[in-house]
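**Q** using only what follows, build the 3D model:
(one chain, ligands or ions: 2)
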Amino acid sequence: MIAPDDNAALAEQAARLFSGRVEFLLSAPALKFLPEAGVPEIAFAGRSNVGKSSLLNALTGRKSLARASVTPGRTQELNFFEVGEPTLFRLVDMPGYGFAKAPPAVVEKWRRLIRDFLRGRVVLKRTLLLIDARHGLKPVDAEMMQMLDEAAVGYRVVLTKADKIKPSELAEVASRTGTQAKTHRAAHPDVLVTSAETGEGIAALRAAVLADATL
Ligand SMILES: Nc1nc2c(ncn2[C@@H]2O[C@H](COP(=O)(O)OP(=O)(O)O)[C@@H](O)[C@H]2O)c(=O)[nH]1
Ligand SMILES: [Mg+2]
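**A** Ligands and ions are numbered 1, 2, ... in the order given. A predicted model of the protein is given here:
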């Protein structure tokens, strides 16, 4: 479990990078609006309300880089953020899934956008799949993992909201989630544990993102 590279130099470089230039680039509601594929990209995926916006904000030390959506599941856009000066890589905030009240047409549009992005984006180095530590993997997450496996996009499972449960439960969920991840061919075997609230795991996540982006 845990620990990407606890390489001190990498961690230091990552900390410096994320405290520097991080800037919103654009929102792409369809593939034809994607920015040119000039730099590596790391995407963030997860159910609505998993804590994706909060994690992006914690990662970049900004209060409101990624806005918490007012209506869960409404935003069907890929949001791009540039990191570094000049840009070293981009973060891609993918629309959340698993929202209860979405009409089938919205879900289908989401599925097509994500599938085509995952399959066609050559600069996409890794996806971080966010999972609420209180809930563990749900059937909708398994569907996302299958899409990632099929697109052959490597991904890391990141547990969010670690502060919300007891350490003993957290260890159990992390271990169980790691075991489940190992059954997916594109999944990284290590599970990262984070809390946007306490900052747990954020430095390790920064280092992992930098390592993945600059593979
Ligand atoms: N306690 C705690 N709450 C969190 C954490 N991350 C997010 N939340 C809360 O979970 C809710 C959903 O977060 P948000 O980032 O908007 O989720 P998103 O829909 O995945 O972008 C908000 O009320 C956040 O304040 C965390 O690490 N700890
Ligand atoms: Mg959000």
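
**Q** three-state assignment of Leu159?
**A** Secondary structure state of Leu159, per DSSP: H, G, I helix; E, B strand; the rest coil, is strand.

**Q** who does it bridge with?
**A** Beta-bridge pairing of Leu159 under DSSP bridges involves Ile131, Val193.

**Q** what about it, how many neighbours?
**A** When neighbours are defined as other C-beta atoms under 10 Å, Leu159 has 27 of them. For the C-beta atoms, the positions are set from N, CA and C on the backbone; glycine is no exception.

**Q** do I have it right that it meets Glu200?
**A** No. Look at Leu159 against Glu200 with C-beta atoms under 8 Å: they stay out of range, at 9.9 Å.

**Q** distance-wise, check the nearest residue to Ala11 once chain neighbours are set aside relative to Glu36.
**A** In space, and not counting its chain neighbours, Ala11 is closest to Ala207: 4.7 Å by C-beta to C-beta, 6 or more residues apart in numbering. To Glu36, Ala207 is 27 Å away according to C-beta to C-beta, to the nearest Å.

**Q** the two: which is more packed in?
**A** Ala207 (24 against 6).

**Q** could I get the average pLDDT for the helix or strand the more buried one falls within?
**A** Using DSSP states H and E, Ala207 sits in helix 202-213. Per-residue pLDDT values over helix 202-213 give a mean of 97.

**Q** just the CA atoms of that helix, as PDB, please.
**A** What follows is helix 202-213, C-alpha atoms only, in PDB (Å, rounded to 0.1, in the frame of the first residue of the first chain):
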ATOM      1  CA  ILE A 202      -1.200  15.500  -0.500                       C
ATOM      2  CA  ALA A 203       2.600  15.800  -0.700                       C
ATOM      3  CA  ALA A 204       2.800  12.100  -1.800                       C
ATOM      4  CA  LEU A 205       0.100  12.700  -4.400                       C
ATOM      5  CA  ARG A 206       2.000  15.700  -5.800                       C
ATOM      6  CA  ALA A 207       5.100  13.600  -6.200                       C
ATOM      7  CA  ALA A 208       3.100  10.800  -7.800                       C
ATOM      8  CA  VAL A 209       1.600  13.200 -10.300                       C
ATOM      9  CA  LEU A 210       5.000  14.700 -11.200                       C
ATOM     10  CA  ALA A 211       6.500  11.200 -11.500                       C
ATOM     11  CA  ASP A 212       3.700  10.000 -13.700                       C
ATOM     12  CA  ALA A 213       3.700  13.200 -15.900                       C
END
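
**Q** what about it and ligand 1, any contact?
**A** No. Using C-beta under 6 Å from any ligand atom, helix 202-213 stays clear of ligand 1, with a minimum separation of 9.6 Å.

**Q** any idea how many residues pack against Pro167?
**A** Using other C-beta under 10 Å, the number of residues around Pro167 comes to 8.

**Q** how much space between it and ligand 1?
**A** Taking C-beta to the nearest ligand atom, to the nearest Å as the measure, Pro167 falls 15 Å from ligand 1.

**Q** next, that residue: phi, psi?
**A** Per-residue torsions, Pro167: phi -50, psi -40 (degrees, to the nearest 10).
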